[in-house]
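A.B. asks: I would like to see how this sequence folds:
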Amino acid sequence: MPLDVIVLAAGLGKRMRSELPKVLHPLAGRPLLAHVLDAARALAPRRMFVVHGHGAERVRAAFPDAGVDWVLQAKQLGTGHAVLQALPQVASDADVLVLYGDVPLVRPATLRRLVEGARGSVGIVVAELDDPSGYGRIVRDAAQRVARIVEQKDATASELAIREVNSGFFCLSARRLAPWLSKIGNDNAQNEYYLTDLVALAVADAVPVLAVKAEDQWEVAGVNSMQELAVLERVWQGREARRLLEAGVTLADPARIDVRGALECGRDVSIDINCVFEGRVSLGDNVRVGPNCVLKNVSIGAGTEVLAFSHLDDAELGERCRVGPFARLRPGARLAEDVHVGNFVEVKASRLGAGSKANHLSYLGDSEVGSRVNVGAGTITCNYDGAAKHRTVIEDDCFIGSDATLVAPVRIARGSYIGAGSTISKDTPPGQLTVARARQVSIPSWKPPRKKG
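C.D. replies: Model prediction:
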């Protein structure tokens, strides 16, 4: 049967104490809702509906190309009421999977077991928790069959002692869901229409209820506060650290790495403490990343070393490069093989050819640097005239002396030498020394100014 997914994402999240809608708070650099949608997509559903409410415009704007159908729940009257808002658009021949936008760590494998097992029955995901506070409890009959779910605020003392909890994930046919939703009332402590009442209705109609146990208790963990969000962040990062270690990556401290995207590593990669990886990052064989580095959307070739406190954003590094410490590669930085970019060097929208070096205290912006070029300390490219950006071209085998200022647009011809302290605003001839600086003058009668009084 075709599968339709309904994701409930309308809650305010009062305990977050934030203006940001709860499902937009980031986990591993992406909104909570994004993780849930990814898990759902892994099942190849026919349609996905997101029921949203608080901050509706901001939520929709955060997912402009999500390929989902947005359903507005203008008044939040409970989970049963939320599903009811999407039901008119659900095909009558579909199986319906209900997920929550603030339960981000569920695995697709668990959802797949739920969907496959729920055919002909009602499927739910359950977990055993040491501390079940805040969760609905699974009440079983004498034969240990699921009889009903009781929310914590409506539970008796004996029911509160139950450690088996409901995740909120449901799977059942739309044909059964529609009539049961019409029977759900709001006679409870919160005066809400609970989706969990479906279980008792299924039992009353002699429809079996299948409880699929989550392999990991964190799969059912919801986010209702900043503290809970912080806990799940470390759970996520712990999973990523284990994945990297199992792949042969050396982590100086698995507790001090943050992967906020997709990190792929070759063989014998080494990552020191407090490194952050955002977007898509690829590290080739034998890459070493020093402590306290930030890499975002970066590809690094084999044998390259990134030293401490370097920040790389939308950059490509060839093999055997050496970057840092305290280097910054901004979007559009492209390094060929054997390039050195040293401490306090910034590169933006520039390509550095094989074997070129800018070892310290320089800025290269909107530049094309050839092979075997040496850029002296304090050199800058003046690429912006206040209205437009201009290119600087430094051809192969050039030597740029310290404190040179290259005023774009300008071309430094192959084999040029630029004298230290020169301001170059015109193209240079190949293979010659070019010096452009004021004549040095000493004034013997000059006296330093003195304070009056």
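A.B. asks: so how far is T196 from the closest residue to E192 other than its chain neighbours?
C.D. replies: Excluding the flanking residues, the one nearest E192 by CB to CB, 6 or more residues apart in numbering is G78, at 3.0 Å. To be clear about C-beta, it is placed using only N, CA and C from the backbone, and glycine gets the same treatment. G78 sits 10 Å away from T196, taking CB to CB, to the nearest Å as the criterion.
A.B. asks: what does I184 give?
C.D. replies: For I184, the distance to T196 - CB to CB - is 9 Å.
A.B. asks: tell me how this structure divides into domains.
C.D. replies: Domains of the chain are assigned by automatic domain parsing as 3-220, 226-434.
A.B. asks: is it true that H390 touches R411?
C.D. replies: No: H390 lies out of contact with R411 (CB atoms under 8 Å); the separation is 11.3 Å.
A.B. asks: neighbour-wise, which of those two wins?
C.D. replies: Set H390 next to R411 and count neighbours by other CB atoms under 10 Å: R411 wins out with 18 against 15.
A.B. asks: what's the helix or strand where the more buried one lies packed up against?
C.D. replies: Assigned by DSSP states H and E, R411 belongs to strand 410-412. Applying 3 or more CB pairs under 8 Å, 6 or more residues apart in numbering; DSSP states H and E, we find strand 410-412 packed against strand 392-394.
A.B. asks: and the strand it packs on, which residues are buried?
C.D. replies: The neighbour-count check on strand 392-394 (16 or more other CB atoms under 10 Å) flags 392-394 as buried.
A.B. asks: any chance of these in TSV, with distance to G134 too?
C.D. replies: What follows is those, written out as TSV (distance: CB to CB, whole Å):
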residue	distance to G134
T392	60
V393	63
I394	62
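A.B. asks: mind showing which ranges of the stretch 51-200 of the chain have poor pLDDT?
C.D. replies: Along the stretch 51-200 of the chain, no part satisfies pLDDT under 70.
A.B. asks: including distance to S445, could the domains of the chain go into JSON lines?
C.D. replies: Below are these laid out as JSON lines (distance: least, CB to CB, whole Å):
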{"stretch": "domain 3-220", "distance to S445": "64"}
{"stretch": "domain 226-434", "distance to S445": "26"}
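A.B. asks: give me the next element, helix or strand, following the strand holding R411.
C.D. replies: Beyond strand 410-412 on the C-terminal side, the first helix or strand identified by DSSP H and E is strand 417-418.
A.B. asks: neighbouring contacts of the strand holding R411?
C.D. replies: Residues outside strand 410-412 that contact it (CB atoms under 8 Å, 6 or more residues apart in numbering) are 392-395, 398, 400, 406, 418, 424-428.
A.B. asks: show the average pLDDT along it.
C.D. replies: The average pLDDT within strand 410-412 is 98.
A.B. asks: re the thing from before, identify the farthest-apart pair in the contacts of strand 410-412.
C.D. replies: Pairwise distances across these peak at 17.2 Å for E395 and S425 (criterion: CB to CB).
A.B. asks: and these two? Which one has more around it.
C.D. replies: Neighbour totals were compared for E395 and S425, and E395 leads with 19 against 13 (other CB under 10 Å).
A.B. asks: quick check: the more buried one vs S350, distance?
C.D. replies: 14 Å.
A.B. asks: likewise C275?
C.D. replies: Where S350 is concerned, C275 sits at a distance of 24 Å (CB to CB).
A.B. asks: also Q190?
C.D. replies: Taking CB to CB as the measure, Q190 falls 59 Å from S350.
A.B. asks: higher neighbour count, these two?
C.D. replies: Set Q190 next to S350 and count neighbours by other CB under 10 Å: S350 wins out with 25 against 12.
A.B. asks: could you find the closest non-adjacent residue to the more buried one?
C.D. replies: Leaving out its chain neighbours, the residue that sits closest to S350 by CB to CB, 6+ apart is S367, at 4.0 Å.
A.B. asks: quick one: buried residues of stretch 200-211?
C.D. replies: Buried residues in stretch 200-211, counting neighbours by 16+ other CB under 10 Å, are found at 200-203, 207, 209-211.
A.B. asks: let's have those residues in a markdown table, adding distance to Q152 and secondary structure.
C.D. replies: Putting the buried residues of stretch 200-211 into a markdown table (distance: CB to CB, whole Å; DSSP: H, G, I helix; E, B strand; the rest coil) gives the following:
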| residue | distance to Q152 | secondary structure |
| --- | --- | --- |
| A200 | 17 | helix |
| L201 | 20 | helix |
| A202 | 21 | helix |
| V203 | 20 | helix |
| V207 | 25 | coil |
| V209 | 20 | strand |
| L210 | 23 | strand |
| A211 | 18 | strand |
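A.B. asks: which pair of these spans the longest distance?
C.D. replies: Farthest pair in these, by CB to CB: L201 and A211, 16.2 Å.
A.B. asks: thinking again about what came up before, for the residue nearest to E192, give me phi and psi.
C.D. replies: phi 120, psi 170 (degrees, to the nearest 10).
A.B. asks: quick one, what contacts it?
C.D. replies: Counting by CB under 8 Å, 6+ apart, G78 touches 186, 190, 192-195.
A.B. asks: of those residues - the most surrounded one?
C.D. replies: L195 (26 neighbours).
A.B. asks: in this structure E164 contacts V125, no?
C.D. replies: No: E164 lies out of contact with V125 (CB under 8 Å); the separation is 11.3 Å.
A.B. asks: pick out whichever of these two has more residues nearby.
C.D. replies: With neighbours defined as other CB under 10 Å, E164 and V125 compare such that V125 has more, 25 against 17.
A.B. asks: okay but G324 is in contact with T304, surely?
C.D. replies: No: with contacts defined as CB under 8 Å, G324 does not count as touching T304, sitting 10.8 Å away.
A.B. asks: what do the two both touch?
C.D. replies: Counting by CB under 8 Å, 6+ apart, nothing touches both G324 and T304.
A.B. asks: buried residues in the helix ranked longest in the chain?
C.D. replies: Assignment by DSSP state H gives helix 226-246 as the longest helix of the chain. Neighbour counts over helix 226-246 (16+ other CB under 10 Å) mark 228-229, 232-233, 235-237, 240-241, 244 as buried.
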